[in-house]
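> Next come a sequence and a model predicted from it.
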Amino acid sequence: MVKSQSLFFKAKDGLRLHVREYGTAQAHRLPILCLPGLARTAADFDTLATYLADEMSPSPRHVFAFDYRGRGLSDRDPDWRHYDLMIENKDVLDICDQLAIAQAIVIGTSRGGLHALLMSMTRPSLLRAAVLNDIGPVIETKGMARIRGYIGQLPKFASYAQAITAFKAIMGPTFPGLSEADWQAYAQLTLEQTDTGLISRYDQALLNTLKDLDLDKPLPDLWPQFAALAKIPLLVMRGEYSDLLSQETVDQMVKRHPNCQAYQVAGQGHAPLLQDQDSLERIKQFVKMADPV
């Protein structure tokens, strides 16, 4: 079984950033960059990255999963204003430079998918293909309102059982397909143990980045950035019960892009956990087709 190792890099402003590495470089197979959601970490991709990097498979991959600044094992930024999409995108690109990655396949969950869209402008030469996990050019305000309702506001939990009860209250209606083992795994990925209880694996100041969003009107769309991805293969994954990415937007993405495939993750909402066998295999087959001939 492939095990990850932690790599640490210095951002331009001196902040220490963490990346999980799985597997080794493979001739004729592009590396994969896994970019998590707003308040999520590299650990979310452990199941997927391990699956893709499996040396016993006929096509093992070199996979890198990122912790943005303020998340996971990356340093907390003393200025919450630096939890900005452009600054984070620059961090990712700087790390790619240090790793000598000139071209890759990006798998982005939610905010991670926004980074893929942004790369169409900041460094289009890096993108060979992309998986957009429950994110697209149109972001539904209902989903953003729900996310803003809990980011940076979760209490310390005395036990995982207590945390799971809270997570089910927040997410349960849109994740009816999860088993008790799935909820336990999600809680362990989301929280870390401290001397005083279980806390989230991100800087609570992330809440500040959402406070000024006006969710009474549609958010600005990203169709120009999406159009800039026209030359690369795309796989857009949508949770069956997602409240952030609508089926209408997915239909438009497939219609407007010459090589965009769509896949629905049954029994899950925003954002699919990418741990079920069907999702793992769907992604594996997609990245295989995206390799240069």
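Looks like it arrived, so ask away.
> For the rest of this, base every contact and every neighbour count on C-alpha atoms.
Fine.
> Chain neighbours aside, what residue packs nearest to Gly204?
Gly isn't right for residue 204; it's Gln. Spatial nearest neighbour of Gln204, chain neighbours left out: Gly152 (4.3 Å); criterion: CA to CA, 6 or more residues apart in numbering.
> same check, this time on Asp54
Pro60 (5.3 Å).
> go on, Pro176?
Gly267 (5.4 Å).
> wouldn't the residue nearest to Gln204 be in contact with Arg201 here?
No. Applying CA atoms under 8 Å as the test, Gly152 and Arg201 come out as separate, 10.4 Å apart.
> neighbouring strands for the host helix or strand of Gly108, and are they parallel or not?
Counting by DSSP states H and E, the element that carries Gly108 is strand 104-109. The strands beside strand 104-109 in its sheet (DSSP bridges) come out as strand 32-35 (parallel), strand 127-133 (parallel).
> could you give the mean pLDDT of it?
If you average the pLDDT over strand 104-109, you get 98.
> immediately after that strand, which helix or strand?
For strand 104-109, the following helix or strand on the C-terminal side (DSSP H and E) is helix 111-122.
> quick one: that next one to chain centroid distance?
11 Å (CA atoms, centre = their mean, to the nearest Å).
> Can you give the contact residues for that helix?
Residues from elsewhere that reach helix 111-122, judged by CA atoms under 8 Å, 6 or more residues apart in numbering: 34-38, 85, 89, 106-108, 126-127, 130-133, 135-136, 222, 225-226, 228-229.
> try 6 Å
Leu35, Pro36, Gly37, Leu38, Leu132, Gln225, Ala228 (CA atoms under 6 Å, 6 or more residues apart in numbering).
> ok, now how distant is Phe45 from Leu235?
17 Å (CA to CA, to the nearest Å).
> Same check on Met1?
Met1 is 27 Å from Leu235, by CA to CA.
> out of those two, which sits in the busier spot?
For the pair Met1 and Leu235, the greater number of neighbours falls to Leu235 (21 against 9), based on other CA atoms under 10 Å.
> Next up, the contacts around the more buried one.
Neighbours of Leu235 in contact, by CA under 6 Å, 6+ apart: Val131, Cys260, Gln261, Ala262.
> at 10 Å what do you get?
Neighbouring residues of Leu235 by CA atoms under 10 Å, 6 or more residues apart in numbering: 107, 129-133, 254, 259-263, 282-283, 286-287.
> ok, now Ile283?
Leu48, Leu52, Ile107, Val131, Leu235, Met237, Tyr263, Leu274.
> try 8 Å
Val131.
> same thing with Arg81?
Thr209.
> separation between Gln204 and Leu154?
Remark: distance between Gln204 and Leu154 (CA to CA) = 9 Å.
> quick one, which of the two is more surrounded?
Ranked by neighbour count (other CA under 10 Å), Gln204 and Leu154 place Gln204 first, with 18 against 14.
> residue boundaries of the helices in the protein?
Remark: helices assigned in the chain by DSSP state H are 46-53, 85-98, 111-122, 141-148, 160-171, 180-190, 223-227, 247-256, 277-290.
> and the ones you listed as a markdown table, adding distance to Arg71?
Converted to a markdown table, the helices of the chain look like this (distance: least, CA to CA, whole Å):
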| stretch | distance to Arg71 |
| --- | --- |
| helix 46-53 | 16 |
| helix 85-98 | 11 |
| helix 111-122 | 13 |
| helix 141-148 | 16 |
| helix 160-171 | 19 |
| helix 180-190 | 11 |
| helix 223-227 | 26 |
| helix 247-256 | 29 |
| helix 277-290 | 24 |
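> Of those helices, which is nearest Asp212?
Nearest to Asp212 among the helices of the chain is helix 141-148 (10.5 Å), distances taken as CA to CA.
> ok and the closest one relative to helix 160-171, angle-wise?
160 degrees (axes from the mean of the first three to the mean of the last three CA atoms, to 10 degrees).
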